[in-house]
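1. this one's structure only:
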């Protein structure tokens with residue numbers, strides 16, 4: 001698997017998790033915060049993957 005594919009998949013996962021945060025915010029704030037942390041980690045990992 002090439003370096004770019006992994007980075008794009010991490011960005012896609014981050015976007016998916018951000019969508020989960022948006023949809024869960026009104027009903028389950030704690031779960032939305034957990035999803036937000038996971039989204040930040042995925043997007044940060046993608047950025048780190050592209051830079052390294």
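-> Perfect, thanks for sending it. Here the structure is a predicted model, which is why all the values come from computation and not from measurement.
2. Can you report how many residues lie near residue 35?
-> 21 (other CB atoms under 10 Å). Where C-beta positions appear, they are placed from N, C-alpha and C, glycine not excepted.
3. The host helix or strand of it: how far from the chain's middle?
-> Here residue 35 sits within helix 29-51, counting by DSSP states H and E. Centre-to-centre, helix 29-51 and its host chain are 4 Å apart (CA atoms, centre = their mean, to the nearest Å).
4. what comes up buried for that helix?
-> By neighbour count on 16 or more other CB atoms under 10 Å, the buried set for helix 29-51 is 32, 35, 36, 38, 39, 42, 43, 45, 46, 49.
5. who touches the residue nearest the centre of the chain in this structure?
-> In the chain, the centroid-proximal residue (CA atoms, centre = their mean) is residue 14; its distance is 1.9 Å. Neighbouring residues of residue 14 by CB atoms under 8 Å, 6 or more residues apart in numbering: 39, 40, 42, 43, 46.
6. Pick the one among the residues you listed closest to residue 18.
-> residue 39 (4.9 Å; CB to CB).
7. and the nearest residue to that closest one once chain neighbours are set aside, which of the three is it?
-> Leaving aside its chain neighbours, residue 39 sits nearest to residue 17 (3.6 Å; criterion: CB to CB, 6 or more residues apart in numbering). Here residue 17 is recorded as helix under DSSP: H, G, I helix; E, B strand; the rest coil.
8. quick one: contacts for residue 17?
-> Applying CB under 8 Å, 6+ apart, the residues contacting residue 17 are 35, 36, 38, 39, 42.
9. secondary structure element for the residue nearest to the centre of the chain?
-> helix 3-24.
10. give me the number of residues near the nearest residue to residue 46 once chain neighbours are set aside?
-> What sits nearest to residue 46 in space, not counting adjacent residues and going by CB to CB, 6+ apart, is residue 10, at 3.6 Å. Residues near residue 10, counting by other CB under 10 Å, number 20.
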